[in-house]
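K.L.:
sequence first, then the predicted structure, then my questions.
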Amino acid sequence: MDFNDEKWRSWSGLMALVQEGDMEAYAKLLSEVSPLVFNYVRKRVYHPAQVEDAYQDALLKFHRARHTYQPDRPFAPWLFTVLRHAVWGSLKKRRKVTEQELQLQAVPERPVPEKEDPSLSVRLQDALSSLPEKTRQAVELLKLRGMDARSAARELGISEVALRVRAHRGYVQLRQRLTRDN
């Protein structure tokens, strides 16, 4: 690959315009560089499911690093340095997530109590009904209906953070109520 050919000089010129705030030059540069970026990432990320995420990370890193390019220097070494760091960062981030995931062959079934204590069910229903409505809804969606936080938040029309705060407050209130009743 000849880094001194017309294409690389053109990209260097476009990057200089980008640094001056020319958004049309930025759009043109991205459209021309994107296939190269994708191929670079695809050749270095071996898990096909991670290629798209790593590609997006590389484009984001390119965007964030655009101010560091020095127009009097060659564009190619700068670009490949940015991409290399982006791919390594993406792979490192994915590895951390993968290491923390619990690998199960089969999802264990929940143990079903042989005999439910009817007084516990009544006490729990009473405690739930004593919660403020918004708090009770959060607890019911997450714990009784088993919804994930994103879906439950969407159903209530609130953010995940707000849902988690409501649910946490509900758990604390339930615990206080149930332990006080004992």
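P.N.:
Cool, the structure landed.
K.L.:
remind me which residues of the chain are low pLDDT?
P.N.:
Judged by pLDDT under 70, the chain has its weakly predicted residues at 1-4, 95-120, 181-182.
K.L.:
can you give me the strands for it?
P.N.:
Along the chain, counting by DSSP state E, no stretch forms strands.
K.L.:
roughly how far apart are the residue nearest the centre of the chain and residue 170?
P.N.:
The residue lying closest to the centre of the chain (C-alpha atoms, centre = their mean) is residue 53, at 9.9 Å. According to C-beta to C-beta, to the nearest Å, residue 53 stands 34 Å off from residue 170. For the C-beta atoms, the positions are set from N, CA and C on the backbone; glycine is no exception.
K.L.:
neighbours of residue 14, how many?
P.N.:
21 (other C-beta atoms under 10 Å).
K.L.:
can you pull the contacts of residue 137?
P.N.:
Shown in contact with residue 137 (C-beta atoms under 8 Å, 6 or more residues apart in numbering): 156, 166.
K.L.:
shift numbering so it begins at 20
P.N.:
Right, with 20 as the first residue, what we last looked at is residue 156.
K.L.:
contacting residues for residue 73?
P.N.:
Going by C-beta under 8 Å, 6+ apart, the list of residues near residue 73 reads 60, 63-64, 105-106, 109-110, 113.
K.L.:
show me which of those residues is closest to residue 148.
P.N.:
residue 113 (44.1 Å; C-beta to C-beta).
K.L.:
domains in the protein, as residue ranges please.
P.N.:
25-119, 137-200 (automatic domain parsing).
K.L.:
what ranges does the protein have for its helices?
P.N.:
25-38, 42-63, 67-84, 94-119, 137-148, 152-158, 168-175, 179-200 (DSSP state H).
K.L.:
of those, which stretch is the most buried?
P.N.:
Mean neighbour count, computed with mean count of other C-beta atoms under 10 Å, is highest for helix 152-158 among these, reaching a mean of 18.
K.L.:
dump that helix to CSV, restricted to CA.
P.N.:
Extracted in CSV, the C-alpha atoms of helix 152-158 (Å, rounded to 0.1, in the frame of the first residue of the first chain):
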residue,chain,number,x,y,z
GLU,A,152,-48.1,3.0,43.5
LYS,A,153,-45.1,3.9,41.4
THR,A,154,-42.7,2.0,43.7
ARG,A,155,-45.1,-1.0,43.8
GLN,A,156,-45.2,-1.0,40.0
ALA,A,157,-41.4,-1.1,39.7
VAL,A,158,-41.1,-4.0,42.2
